[in-house]
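Colleague: Quick one, what's the 3D model for this:
(chains A and B)
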Amino acid sequence: MGKTIAEKILSDKSGTDAKAGRIVVANIDYVMVNDVTGPIAFREYGKLGTAEMHKDRMVLIPDHYVPNKDIASAEQAKEMRDFAKKHGIENYYEVGKGGVCHQVMVEEGFAAPGRLIVGADSHTCTYGGINAFSTGIGSTEAAAAFATGKLWFKVPETIKVELTGSFGKDVGGKDLIIRIITDIGVDGANYKAFEFHGPGIANISVSDRLAVSNMAIEAGGKAGIFPFDDLTREYIKDTVRGAYTPVSADADAEYCRVLRYDLSEIESMVAFPHLPSNGRAVKDADVRIDQAYLGSCTNGRIEDMRIAAAIVKGRHVDPDVRFLVVPASQKVYRQMLDEGLMQIFLDAGAFISGPTCGACLGGYMGILAAGEKAVSSTNRNFIGRMGDKASEVYLAGPQVVAASAIAGRIVTPDLLEGC
Amino acid sequence: MVVIEAKAWRFGDNVDTDQIIPAERLLSTNLTHLNDFIFEKVRPDFADLIADGDMILADRNFGCGSSREHAPLSLIQAGVSCIIAESFARIFYRNSMNIGLLLIECKVEAEEGDTLSVDTDAGIVRNLTSGREFVFDKHPEFIGRLVESGGLVNMIKEGRF
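Modeller: Residues are numbered from 1 along each chain as shown, chains lettered A, B, ... in the order given. From the prediction side, this is the model:
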C-alpha cells in the first residue's frame, strides 16, 4: 500500500515506516513561537536544564500583541527579545521587520515543500499550501523541540479532497474552505490531514491555497496539504531558504474519506457566529455590520489586498462602518505602497495599520463592543473572539469583506452597482 | 492504579480555548493565576464555584481552536483533576498530555453535579450518582509513558524521549 503526503514526510523525518495511526518521533526542520506562546516555552526550556539548543531551527516572531498594546504585553514582548539576545537566536523578527508569524514563515522562506514544521500557534498548518507538513503545537513541546530538534507525532489519517473546475467571479479559497468546514463540521478532520488533489488545483492561486490550508485547523485538521506544481515553484523561488524536496502522494495511498468539489459551483460564503462551520451563501445573508476587517494570516497577503482594493476603488466606506485594513507583514505593507493600494484604501475611508494579529483574536486595535457585528477575513468567530461576548464575527473572503465595507451589510461585490 | 472520584461540571460540544481562557488574558503576568479567568465569558461564576479535584465532563471536540497552552494550564491551576469528553481537539489533547492534565476519551452520561469515579487501569468511568458504568480505551503505549512521566519535560529529563 502506498503513502499519503503526510505519511511520506513523517517517514522521511522519522526514519521509520510512518503509517496512519502510529506514533513516531521525527526531526523537525523549524519550530516557531510567537509572543503569546513563546514565554511559556522559554520557561519550560529552562526547566529542561540542558545547554543543548537547535538555534538554527528556531524562529521567534512577535505578532499577537505587538506593537506593545500595554505594559503587560510590553513585558511579554521583552521576554522574547531578551531570550533571543541571550541565546543568540538569529531568526527573531522585531517589530518593523516581520509581521504576522505565518506570513513571515512563508515570506522568509522557512516554509518550503517537503519540510516538517511545527509552530506554537494553531494556524501553523498554513504552509501546507506550499506542500509542507506543518502543524500547530503547544509551548512545552516547542521547548522540547528547541532542546532536542524533534517531536512526537501521531501519523494522521488523510481526507482526500478532489477539486475540479475553477472559481467563479469574486469567489476564492476562503469560500472553498468555509464550504468544506460547513460540510464536515468543526471536528470533521480532528486528528486527520487534508490532502488536495485534482485538476482544479492548477486554477487556485498559491495565496488562496495558503488561505485554505490555514483553516484546516477549523475542521480540527492537523494539516492541509497541497501538491507541489509550477505555481508553487514560482511563488517561493525568490524567498525559499536552502534546498527543498517536493512530495507527492502515491497513487495507491489509502484515504479515510474522499470529498469532491467542483470549484465553479462554490458560492461566496460567510460563516455566521459562533463557529466556522456555520457557513451560508452570502446571498442568503441579511446582516448590517459595524466593522469590516481585512487582514490576518488567513487573508492578509498582497493578493488579498489587491482583490479588496479593486472592489473599493472609487467608492466610499459606509458611514456607519469602520473598515480596518491590516497587511500581514512589512513586505505586504511596502508592496501596497508601491502598487498604490494605500491610496485607494485611504481615499475610500479605510483605516490602515501596520502588521499585527491585533483584533483577529480580540487582542487590540479593532475590538468590538457588545452588540456590534463585524465581517472579517480572519479564521475564527467563536464567542467573544474579537471583543465583548455579545459581539458577533462573520467570516468571509476579501471580496465579501471589501464589498460589505462599502455596502454596510454583508454582500457580494456584484451588489455594489451604483454604490 | 489511579482512581479519581469527584464531582462533574457539565459542558457541551465544541468548547473552544477562547472560552476556556480569552486571548486578552494570555499575558506572562497572568501565568501564575490563569484560573482566575477560566470560562469568564461564558460561565462568569465558574472560577469561584469550581473546587479542587473537580472534573469536567464534556461532549465532542473539547478544546478546539487556538494552541494556547494557557488553556490546560488554567484548568490545572483551577484544580481540575480530569476532563472526560467524547472527543478532544488535537492540540488541546497534546498540550494536556505534555503538561500532565489527565484526559479521558469516553462518552459518559451524567448530569452536572453527579459524582464520577475514573479508574485509569481498568478503563472504566463510573457514575456513582446513577450507578452506570462506561468503558474507555486506554492510552497507546507512548502516551502512557508520557502520562507516567508526568509530562514531556520530565520524560525528556528521564531520557525516555
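Colleague: Please see if the lowest-mean-pLDDT helix or strand in chain B touches chain A.
Modeller: Ranked by mean pLDDT, DSSP states H and E, the weakest helix or strand in chain B is helix B:141-149, scoring a mean of 87. Yes. Helix B:141-149 is in contact with chain A by CB under 8 Å from any CB of the partner chain, via B:142-143, B:146. Where you see a C-beta, it was placed from the backbone N, CA and C, and this is true even at glycine.
Colleague: residues contacting A:A359?
Modeller: A:293, A:324, A:326, A:365-368, A:386-387 (CB atoms under 8 Å, 6 or more residues apart in numbering or on different chains).
Colleague: Please state the offset of stretch B:83-95 from the chain centre?
Modeller: Chain-centre distance of stretch B:83-95: 8 Å, with CA atoms, centre = their mean, to the nearest Å.
Colleague: tell me which residues in it are buried?
Modeller: B:83-95 (16 or more other CB atoms under 10 Å in any protein chain shown).
Colleague: Pull up the distance across stretch A:54-72, start to finish.
Modeller: End-to-end span of stretch A:54-72 (CA to CA, to the nearest Å): 29 Å.
Colleague: Skip the chain neighbours and tell me the closest residue to A:A348.
Modeller: Among residues not flanking A:A348 along the chain, A:V312 sits closest, at 4.3 Å (CB to CB, 6 or more residues apart in numbering or on different chains).
Colleague: so who does the one you found touch?
Modeller: A:323, A:344-345, A:348, A:350, A:402, A:405-406.
Colleague: Same check on B:V108?
Modeller: Each residue near B:V108 by CB under 8 Å, 6+ apart is listed here: B:57, B:84, B:116, B:125, B:127, B:134.
Colleague: partner residues bridging the first one?
Modeller: Residues in a beta bridge with B:L57, per DSSP bridges, are B:R10, B:I84.
Colleague: Contacts only, for it.
Modeller: Applying CB under 8 Å, 6+ apart to B:L57 gives the contacts B:8-11, B:83-85, B:108, B:110, B:116.
Colleague: Could you export the buried residues of stretch B:83-95 as TSV, including pLDDT?
Modeller: Shown next, in TSV, are those (pLDDT from 0 to 100):
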residue	pLDDT
B:I83	98
B:I84	98
B:A85	98
B:E86	97
B:S87	97
B:F88	97
B:A89	97
B:R90	96
B:I91	96
B:F92	97
B:Y93	96
B:R94	95
B:N95	97
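Colleague: quick one: which of the residues you listed sit in helices?
Modeller: Counted as lying in helices by DSSP state H, out of the buried residues of stretch B:83-95, are B:90-95.
Colleague: Which single one of these is nearest to chain A?
Modeller: If you rank these by distance to chain A using CB to the nearest CB, B:N95 comes first, at 3.7 Å.
Colleague: can you tell me which residues contact B:V80?
Modeller: Residues in contact with B:V80 (CB under 8 Å, 6+ apart) are B:50, B:54-56, B:101.
Colleague: top of the residues you listed by neighbour count?
Modeller: Using other CB atoms under 10 Å in any protein chain shown as the neighbour test, the contacts of B:V80 are led by B:M55, with 26 neighbours.
Colleague: Tell me how many other residues crowd A:T239.
Modeller: 14.
Colleague: now it, nearest residue through space, not along the chain?
Modeller: Nearest non-adjacent residue to A:T239 (CB to CB, 6+ apart): A:G109, at 4.3 Å.
Colleague: Dihedrals phi and psi, the one you found?
Modeller: phi 80, psi 10 (degrees, to the nearest 10).
Colleague: And for A:F323?
Modeller: Torsion angles, degrees, to the nearest 10, at A:F323: phi -100, psi 110.
Colleague: how much space between the residue nearest to A:K55 when sequence neighbours are not counted and chain B?
Modeller: Leaving aside its sequence neighbours, A:K55 sits nearest to A:I89 (CB to CB, 6+ apart; 5.3 Å). Separation of A:I89 from chain B (CB to the nearest CB, to the nearest Å) stands at 18 Å.
Colleague: Tally up the residues packed near the nearest residue to A:R57 once chain neighbours are set aside, please.
Modeller: Spatial nearest neighbour of A:R57, chain neighbours left out: A:Y30 (5.3 Å); criterion: CB to CB, 6+ apart. Residue crowding around A:Y30 was assessed by other CB under 10 Å; the count is 25.
Colleague: In this structure A:Y30 contacts A:V59, no?
Modeller: Yes. The pair A:Y30 / A:V59 is scored as a contact, 5.7 Å apart, by CB atoms under 8 Å.
Colleague: what do these two both touch?
Modeller: Shared contacts of A:Y30 and A:V59, defined by CB under 8 Å, 6+ apart, are found at A:105, A:110.
Colleague: is the lengthiest helix in chain A up against chain B anywhere?
Modeller: In chain A, with assignment by DSSP H, the single longest helix is helix A:71-87. Yes. Using CB under 8 Å from any CB, helix A:71-87 reaches chain B at A:72-73, A:75-76, A:79.
Colleague: can you list the residues of the stretch 101-250 of chain A near chain B?
Modeller: A:120-122, A:124, A:136-141, A:143-144, A:147-148, A:152, A:186-187, A:190-191, A:217, A:220, A:222.
Colleague: Just the residues you listed: which are in strands?
Modeller: A:136, A:152 (DSSP state E).
Colleague: Which ones among the residues of the stretch 101-250 of chain A next to chain B map onto helices?
Modeller: Those of these lying in helices (DSSP H): A:139-141, A:143-144, A:147-148.
Colleague: can you pull up the bridge partners for B:C64?
Modeller: Assigned bridge partners for B:C64, using DSSP bridges, are B:D16.
Colleague: ok, it touching B:Q19?
Modeller: No. Contact criterion CB under 8 Å: B:C64 and B:Q19 do not qualify, at 9.6 Å.
Colleague: Tell me which of the two has more neighbours.
Modeller: Neighbours per residue (other CB under 10 Å) separate B:C64 from B:Q19, with B:C64 holding more: 31 against 25.
Colleague: And what about the residue nearest to A:K55, helix, strand or coil?
Modeller: coil (DSSP: H, G, I helix; E, B strand; the rest coil).
Colleague: Quick check: it vs A:T239, distance?
Modeller: Using CB to CB, to the nearest Å, A:I89 is found at 20 Å from A:T239.
Colleague: And A:G185, by the same measure?
Modeller: With CB to CB as the criterion, A:G185 and A:T239 are 36 Å apart.
Colleague: ditto for A:S11
Modeller: 27 Å.
Colleague: just A:E265 next, same as before
Modeller: 34 Å.
Colleague: would you put the C-alpha positions of stretch A:237-254 in PDB?
Modeller: Output of stretch A:237-254 as PDB, limited to C-alpha atoms (Å, rounded to 0.1, in the frame of the first residue of the first chain):
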ATOM      1  CA  LYS A 237      11.600  30.900  -5.900                       C
ATOM      2  CA  ASP A 238      12.900  34.200  -4.700                       C
ATOM      3  CA  THR A 239      12.500  33.700  -1.000                       C
ATOM      4  CA  VAL A 240      13.000  30.000  -0.100                       C
ATOM      5  CA  ARG A 241      15.900  29.200   2.200                       C
ATOM      6  CA  GLY A 242      18.000  26.200   1.100                       C
ATOM      7  CA  ALA A 243      17.200  23.200  -0.900                       C
ATOM      8  CA  TYR A 244      13.800  21.500  -0.700                       C
ATOM      9  CA  THR A 245      12.200  18.300  -1.900                       C
ATOM     10  CA  PRO A 246       8.600  18.300  -3.100                       C
ATOM     11  CA  VAL A 247       6.500  15.400  -2.000                       C
ATOM     12  CA  SER A 248       3.600  13.800  -3.800                       C
ATOM     13  CA  ALA A 249       1.200  11.000  -2.700                       C
ATOM     14  CA  ASP A 250       1.500   7.500  -4.100                       C
ATOM     15  CA  ALA A 251      -1.300   6.600  -6.500                       C
ATOM     16  CA  ASP A 252      -2.300   3.700  -4.200                       C
ATOM     17  CA  ALA A 253      -2.200   5.700  -1.000                       C
ATOM     18  CA  GLU A 254      -5.000   5.000   1.500                       C
END
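Colleague: ok, B:I143 - how many residues close by?
Modeller: Counted with other CB under 10 Å, B:I143 comes out at 17.
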